[in-house]
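Chemist: quick one, what's the 3D model for this:
(chains A and B)
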Amino acid sequence: MEIPGAAYVGNRSCFECHTNYVRNFTASPHSRIHLSEAGTMRGQSGCESCHGPGSKHIQAGGARQFIINPGRDAAACFNCHLSTHAEFSLPQHHPVMERKMNCVQCHDPHGADIMKPAGGFAMARLNQSCAQCHRDQSRPFVFEHEALREGCVVCHSPHGSVNAKMLVERDNNLCLKCHAMQQSSGVAPGQIYIGKVNHTANLKLGGCWSAGCHTAVHGSNFNPHQLY
Amino acid sequence: MSDVPSFPSSSLFSSSKQIWESRTRRTGRPSERGQPCPRVPRSGNSWTRLCVFLLLFRTLCLAAADQVDVSTLPPPASRHVDFATDIKPIFEHNCIRCHGAVRPKGKFRIDDYASLLKGGRNGPAVSPGDSTNSPLIQMVARLDPDSAMPPEDKGEPLTMEQVSLLRAWVDQGAWPGASDQREGYEFIVSPVAGFISVRGNESKFREHAWQHDGWSGGLESFSITERISPDSKYTLTGRALTDDYRAGLLVEKQDFGFARFGFEQFRKYDSDTGGWYKDYATNSFAPERDLYLDIGRVWMDVGLALPDRPRIVLGYEHQYRTGDKSTLQWGPAGNTFPPDLNPDSRAIVPSFKNIDERVHILKLDFDYETGGWRFEDNFRGEWTDLRTRHDDVTSYTFSTPSTPASVLAYTERQGWRSFQGVNTFRVERQFKDWLYTSAGYLYSHLTGDADFSLNTFDPSGVPVFGIFEKVEEASRRIVLNSESHVGNVNAMLGPWRGLTLTMGVQGDWTRQDGTATGFFTNYAPSLPFLNLGGDETFLSDLDKASLNESASLRFTSLPFTTLFAEANLQQERIRQSEDAAYEHAFSRDTEARSGSWDARAGFDTSPRSWVKLGSHYRWRNKSTTYDDGLSSGDPADINGYPTFISARDATTHEVESRLTLHPCAWLKTTFTHRLVATDTHVETDPAIADDNSALQVSPGGRMFAGNYDAQVFSFNLTMTPWRRLHWFNTFSYQDISSISMHERSSAVVPYCGDVYSINTHAQFVLTAKTDLNAGYTFSRADFRQNNFTDGLPLGIAYQLHGVNFGLVSRCSSKLTASVRYGFYSYNEPSSGHMNDYTAHAVFAMLTWKLD
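Modeler: Numbers count the residues shown, from 1 in each chain, chains lettered A, B, ... in the order given. Next comes the predicted model:
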């Protein structure tokens, strides 16, 4: 990250104006990278590793054109998060590369919990980031799908995926990690019972949710088996 | 320059103006031209250390002395001084870092002429025509060591020549000069026009590119900034493209408040080919519906930001999502109905859902910092109105391949209306340099009601007995309530000898209940003998309590190194009861108890300026036990999922390493590697077949349920081999394997494959006015499965290429022109090439700047 004519000045200079961010930055996962010291790699730690060298920004009295705002352009994040950059380039992805979304809508880069969408020195609640937009899936249901207790990311790869709807997997392997059951010796070879029902023919038809059966995967108001 | 006239204790006895006037009467010796103003030893921070008596005594002494040696001031320059060429550079180089537009010290801004004349917290700093009595001149000439500017640790003193110029400018009237009249005005607009030609599956291109094919254009960006008074300005920014809009207006008045208005909308496209797989049906079927969802919001915030007063923001926001999206509820393609009795049926026919979601949000934010305490309160009231309609076919026949006919169709409608009020209160306090604490409380209450209907028809629209063994099922009375209390306490201690400890505890209690009443009917005109039906009632209660604890340690005393260790623990208890009184009775009363660990430890070091290395190990485990109160232990009594799962646990091991090399100024490279391995185990009770009470289908017990293994290698190379060329490259490779305990079944084969990704971008400065850009993106995945006979191969295989070239010409300082060409190719063998496309895109853009 370069800002023409600017030099690195260190976190202490940022503290004078951006007190709220710097004061508890040590609690942030981003502070796992080492702090600036003489002799270490410049621009790889602290505020300036994401916001670029700050000398011109300070010299100009906080002028925004002389500092990088990763909230507007994720390129700063991709300098370190290489595999995330790759995920956003997969066919199914949230539109961060298209600049319709940005990283800080879901993540708090300065706070104690990176999974929290807004600032603060507290832990995120489950699925808090996703629920901001995906109300239809995260709202309460009469019959909830307990998978949501594990978090949306158990089934979805939120940055990007090769699979439709950004699923981690596109087939029944996804469901069977929880809905597994030892088959008795009395069950014919090749048959698969899930619960008390023989699902062999259903599994051949397609995915648990795509084959037209358990379509209400996020919860149902009218069917305890999440059929609709 | 901090705290222009900053004498807090003196203000107890005299106004700031009197103090400045008193200082102008001190005497001293003039300094030589061209030399820095002499530094005078400061009494420095003694002000804060002395007791009230000493402060009073000192102030009285100053007042008694009542003298400032103005004779030490250098004489004013004898020539005409221009603000833009002589004065402004002095301010920009020496003063503006502390007295700029953002949080100016002493409320004194020097970044524009009007603010400069207005002065700061303690009054005007410049008296036009009288440099001797202008506080600004006395401070930069360092007549008083306590108010000398810039402070010793903030910059070098001004030279005598610079002070002379400043004196001359003030004496000549302190005029702004013609060049400053339009300061603060800027207008930038970038009109763009282009055309995208797609050959092949156009909807798949739109889905991937988030962009429509054909002609498009508009304003790629626009920005207008204008200062409407010395301390207020407005900024209008946004874009206006064919299917992508954003406009934001910010009007702000310094030390008073602001108003924000905005609107944005973009379109999400979906392809309409479902899970089509050529080996199960002809490729001639292609609905090619243009599915898209418009996602947008309108917002309006009004805020008060008075100095030393609470910051209050009142806002309203309207969010909406309207349109159609594809679903993963595909219809079966087979020759007979029902499909589950036909071994040739596979669910691959595309389907979609219509969505109309509207949300109104009222928000009130309060933020106040006083006496070292910071209080923050945020309220959100959300009114949601959501309606969905999903039309699906239960089967297609292919007697005539080019004209498939649906056998049956069903329509599912759902509605949801709710109000949710959420209030969050937070307080923070830095008690000591080494102790920072915060506490918070969140209360949320949701009340909602829903409706639901499901109807099945034959192709002519006549209600019939459908896939879910009903003709109609509906409810117009579904009520849901939810209430949550969340509290947390956090503390950060240190650093102490390089050690910082952060701790937090968060408790979360949620109670939720839901009821639904409705009916179902099996009557259909075509099936008069099946005049069946009945009422249905569903109840559910959920009571959840969880406690999270977190702790993290940072140790930075080792040279060039940070060591860290973190742990997050959670204990959760969920009491859940469900009761369904309908044709298939269902009930449960389950208490789930879970405990989870998420621990991580690692290091990050940079022993030389050209190398940096970091690595960490992470271990996650979540174990849950389910106690079903309704289970008698008899396998025949157990209802099924999830009540007969008695335990489940998932354990993940993760190792991530990173090496960054920066051997020279023009080359930087980073390697990362991440290894993730997750194993899942499930324990169940014994189970008897639903349709055969003599058949025990499971003996129960604990078993390996599945695992997920992934390795991700990533590599970045950023080069500037010579000044004209900047080249950024990222390569990533993922090797993924996911299997379940049924991996030997031909219906559920392992989901394994790899993904390659390349992102490269180069910028070449051809001439002083012309840049060339080129980029290439590539991704390739192969998750093909070989289960054609006994399953549906859902594994995807594709290659995606994107190449683009661009030319940017800076025609003048005000005008930039650019053209861009892109070529995109997508090839997906796993769908029988149903989704393939190639696309060419050409865009031209102008950027015009006026200031």
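
Chemist: tell me which element residue B:545 is part of?
Modeler: Residue B:545 belongs to strand B:533-555 when assigned by DSSP states H and E.

Chemist: other SSEs contacting that strand?
Modeler: strand A:143-144, strand B:472-496, strand B:499-521, strand B:561-581 (3 or more CB pairs under 8 Å, 6 or more residues apart in numbering or on different chains; DSSP states H and E). No exception for glycine: its C-beta is placed from N, CA and C like everyone else's.

Chemist: among the ones you listed, show me which one is buried the most.
Modeler: Mean neighbours per residue, mean count of other CB atoms under 10 Å in any protein chain shown, is largest over the helices and strands packed on strand B:533-555 for strand A:143-144, with a mean of 20.

Chemist: can you list the domains in chain B?
Modeler: Domain ranges of chain B: B:10-180, B:267-281+B:301-403, per automatic domain parsing.

Chemist: quick check: mean pLDDT across the first one?
Modeler: Looking back up the chat, that one is domain B:10-180. Domain B:10-180 comes out with an average pLDDT of 66.

Chemist: how does chain A divide into domains?
Modeler: A:11-66, A:75-131, A:135-220.

Chemist: can you redo those as a markdown table with mean pLDDT and distance to chain B?
Modeler: Formatted as a markdown table, the domains of chain A follow (pLDDT from 0 to 100; distance: least, CB to the nearest CB, whole Å):
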| stretch | mean pLDDT | distance to chain B |
| --- | --- | --- |
| domain A:11-66 | 78 | 1 |
| domain A:75-131 | 87 | 3 |
| domain A:135-220 | 90 | 4 |
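
Chemist: how many residues are close by residue B:94?
Modeler: Close neighbours of residue B:94, defined as other CB atoms under 10 Å in any protein chain shown, add up to 22.

Chemist: same deal with residue A:150?
Modeler: Count around residue A:150 with other CB under 10 Å applied: 18.

Chemist: list the contacts of it.
Modeler: Residue A:150 is in contact with B:622, B:650, counting by CB atoms under 8 Å, 6 or more residues apart in numbering or on different chains.

Chemist: could the helices and strands packed on strand B:533-555 go into TSV alongside distance to residue B:172?
Modeler: Converted to TSV, the helices and strands packed on strand B:533-555 look like this (distance: least, CB to CB, whole Å):
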stretch	distance to residue B:172
strand A:143-144	76
strand B:472-496	52
strand B:499-521	55
strand B:561-581	55
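
Chemist: out of these, which gets nearest to residue B:689?
Modeler: Closest approach to residue B:689 among the helices and strands packed on strand B:533-555 is made by strand B:561-581 (20.7 Å; CB to CB).

Chemist: partners of that closest one, with directions?
Modeler: Here strand B:561-581 is paired, per DSSP bridges, with strand B:533-555 (antiparallel), strand B:586-608 (antiparallel).

Chemist: the last one: which residues count as buried?
Modeler: Right, the one you point to is strand B:586-608. By 16 or more other CB atoms under 10 Å in any protein chain shown, the buried positions in strand B:586-608 come out as B:586, B:588-590, B:592, B:594, B:596, B:598, B:600, B:602-606.

Chemist: minimum pLDDT in the residues you listed, which residue is that?
Modeler: residue B:586 (74).

Chemist: so residue B:95 sits against residue B:110, correct?
Modeler: Yes. Using CB atoms under 8 Å, residue B:95 is in contact with residue B:110, at 4.9 Å.

Chemist: give me the below-cutoff pLDDT ranges for chain B.
Modeler: Scanning chain B for pLDDT under 70 picks out B:1-68, B:102, B:177-184, B:281-288, B:334-344, B:394-407, B:466-469, B:522-532, B:582-585, B:631-643.
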